[in-house]
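In: Quick one: sequence and predicted model below, then my questions.
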Amino acid sequence: MTEDKIKINRLKTMYPLRAKVDEGYIQSVEAMKAGQPTAWSMVNWWQADPIFKAMGLEVVYPENYGAVVAASGVAGKYLDLCDSDGFPSHLCGYSRVSFGYTSRMMKELGGEIPPEAPLGGLCKPVFLLSHGLVCDARVKWFQALGHYMDVPVWMMETATPGVEEWSNEEVRRWSLKLVMEEIKKFVAFLEQIMGKKLDWDKYDEIVNDTIELCRIAHQTFELRKARPCPMHSRDFWSAMPAYLYMTGDLKDSIKCYQDMYEEVKFRVENKIGSVEPEKYRLLFGDLPPWHSLGFFNRLAERGWNFVKESWGYNPPQPIEGLESISDPVERHARFHLHFLTGYYEPAAADQEYMGYLGYPYLRYAREFKCDGAFLHGLITCRSASTHHPYTQDLLMRRLKVPTLRVEGDLVDLRLFDPEEALRKAEAFEESMDHYREERKKENFDW
């Protein structure tokens, strides 16, 4: 198959959302130049971000910036600096980029932004927000960054009960209490750092806007169940930061996602696919090789359409009744908790107990009628990789959906071989063809 026969049809409405990534970094640098405080934060799945917005604090995310650096082709310099500072090469690729970047900024340039840094770079923050969810490098990573820059680190915790525990009403109550207390403590910390009080009415509005932004994003992605799928992973990854990192103005982001919804809906109604013709429908997990996103184009040339991505980068499923909760802190906490636990009840009903990271792929494969799953095993990220054997077994055992697992890294190009991955992908097509027939024999509807 040749590129002129099959290609990715990109969404026009993706581009304004993609531009919000650049906008966030530019605003951070401008705020620094104007003498305003900025912060570095871990992705926190909406537990801290509405508070940042309500306080008017510009925030950047070293994890997301690691992806930007990798996609820009300059990660090697920072990885080498990280190595020379004595950090082991098996650490998270995002953290290694941030260590190398910060080492260059503080040791070589006296706190100035490195001139080669993409999108204007990250300026020195007034504090760092660490978060306790999922990633096993998070606490020490930001502590080390704090030592480089001599700035305080705030550690934000959340509740992470298991599927069985979540059926206990007392566990639910204490989980909510913990998250609400963490939110209130963080508000008090920010008020001290910034020397002003939180505008609670503004916070209330931003919590509602956050919920609405994620709702319309979720609604848009649900349209991808259509055959042919109207939206490819390339557009998902480009548009994702607008809701996950809440980059830019929230009301404008809501409008941009409403526009995307309409464009995707038009494609569904007119049977326009993002990859034409669509030969295979696949899941993708968990994080892409940011340095080699052109690899998706080469798979598209073979008729591969990625129709759904990782749980950790999707918005939560909408939750009923939030609008009736008058306390914005409780509404905010319930929304955050629902992201973590939204698949727990169906997981318990299926007697599967890896409620996030693993189990959602079963729902995705079934609902999006996938022919296979492509799991990108990350050599430097255990949190996004250790559940892959379970996921692989789950999809085959329950749905007769095969999995292709290819090793690579978030940012280190040296650990990903696109040519080898493509050879494996070509061979994997036979497996997808075979299990299509097996599903038919077992009366699956795809």
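Out: All right, it came through fine.

In: okay, CA-based contacts and neighbour counts for the rest of this
Out: Noted.

In: need the next SSE after the lengthiest helix in the chain, C-terminal direction.
Out: Looking across the chain with DSSP state H, the single longest helix is helix 169-194. Next helix or strand after helix 169-194 toward the C-terminus (DSSP states H and E): helix 200-222.

In: Mind giving me the packing neighbours of that next one?
Out: Using 3 or more CA pairs under 8 Å, 6 or more residues apart in numbering; DSSP states H and E as the contact criterion, the elements in contact with helix 200-222 are helix 49-55, helix 241-244, helix 250-269, helix 328-341.

In: what sits up against it?
Out: The contact list for helix 200-222 (CA atoms under 8 Å, 6 or more residues apart in numbering) reads 46, 50-51, 53-54, 243, 246, 250-251, 253-254, 257-258, 260-261, 264-265, 314-318, 328, 331-332, 335.

In: ranking the helices and strands packed on helix 200-222 by burial, who's on top?
Out: helix 241-244 (a mean of 24; mean count of other CA atoms under 10 Å).

In: how far out from the middle of the chain is that one?
Out: The chain centre lies 8 Å from the centre of helix 241-244; the measure is CA atoms, centre = their mean, to the nearest Å.

In: Renumber starting at 260 from here on
Out: Renumbered: residue one is now 260, and that last one reads helix 500-503.

In: hey, C-alpha coordinates of it in CSV?
Out: Extracted as CSV, the C-alpha positions of helix 500-503 are listed here (Å, rounded to 0.1, in the frame of the first residue of the first chain):
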residue,chain,number,x,y,z
PRO,A,500,-3.3,18.8,26.9
ALA,A,501,-6.2,21.3,26.6
TYR,A,502,-8.2,19.2,29.2
LEU,A,503,-5.5,17.2,31.0
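
In: What are the contacting residues of that helix?
Out: Applying CA under 8 Å, 6+ apart, the external contacts of helix 500-503 come out as 276-277, 279-280, 302, 304-305, 469, 472-473, 476, 506-507, 512, 572-574.

In: Return the backbone torsion pair for the nearest residue to P487 once chain neighbours are set aside.
Out: Computed as CA to CA, 6 or more residues apart in numbering, the closest residue to P487 that is not its neighbour in sequence is G532, at 4.8 Å. Per-residue torsions, G532: phi -90, psi 160 (degrees, to the nearest 10).

In: so T417 touches M439, yeah?
Out: No - with contacts counted by CA atoms under 8 Å, T417 stays clear of M439, the gap being 9.3 Å.

In: Could you look up the SS state of P575?
Out: Under DSSP: H, G, I helix; E, B strand; the rest coil, the three-state class of P575 is coil.

In: That one reaches L596, doesn't it?
Out: No - contact criterion CA under 8 Å: P575 and L596 do not qualify, at 9.4 Å.

In: so what's the residue most central in space within the chain up against?
Out: Closest to where the C-alpha atoms of the chain average out (CA atoms, centre = their mean) is Y572, at 3.0 Å. By CA under 8 Å, 6+ apart, the residues touching Y572 are 499, 503.

In: Please tell me how far the closest residue to K510 other than its chain neighbours sits from V288.
Out: Among residues not flanking K510 along the chain, D468 sits closest, at 6.9 Å (CA to CA, 6+ apart). Taking CA to CA, to the nearest Å as the measure, D468 and V288 are separated by 25 Å.

In: So for those two, which sits in the more crowded spot?
Out: Comparing D468 with V288 by other CA atoms under 10 Å, the one with more neighbours is V288, at 22 against 17.

In: Let me see the ranges of the strands in the stretch 310-459 of the chain.
Out: Here the stretch 310-459 of the chain has its strands, by DSSP state E, counting those that start in this stretch, at 317-319, 386-390, 412-415.

In: Counting neighbours, what do you get for L449?
Out: Neighbour count for L449, taken as other CA under 10 Å: 20.

In: Contacts only, for it.
Out: M314 are the contacts of L449 under CA under 8 Å, 6+ apart.

In: 10 Å instead?
Out: 310-311, 314, 316, 386, 413, 443, 455-457 (CA atoms under 10 Å, 6 or more residues apart in numbering).

In: and M453, how many neighbours?
Out: A count of nearby residues for M453, using other CA under 10 Å, gives 15.

In: where does the closest residue to it other than its chain neighbours fall, phi/psi-wise?
Out: Nearest non-adjacent residue to M453, counting by CA to CA, 6+ apart: P296, 7.7 Å away. The phi/psi pair for P296 (degrees, to the nearest 10) reads phi -70, psi 150.

In: The one 3 residues further on now?
Out: According to degrees, to the nearest 10, the main-chain angles of W299 amount to phi -110, psi 140.

In: hang on, isn't it packed against L381?
Out: Yes - look at W299 against L381 with CA atoms under 10 Å: they come within range, at 8.5 Å.

In: So these two - more neighbours on which side?
Out: Ranked by neighbour count (other CA under 10 Å), W299 and L381 place L381 first, with 28 against 24.

In: The more buried one contacts Y360, correct?
Out: Yes - with contact defined as CA under 10 Å, L381 counts as touching Y360 (8.8 Å).

In: Secondary structure class of N556, three-state.
Out: N556 is classified as helix under three-state DSSP.

In: any idea how far it lies from S389?
Out: From N556 to S389 the distance is 35 Å (CA to CA).
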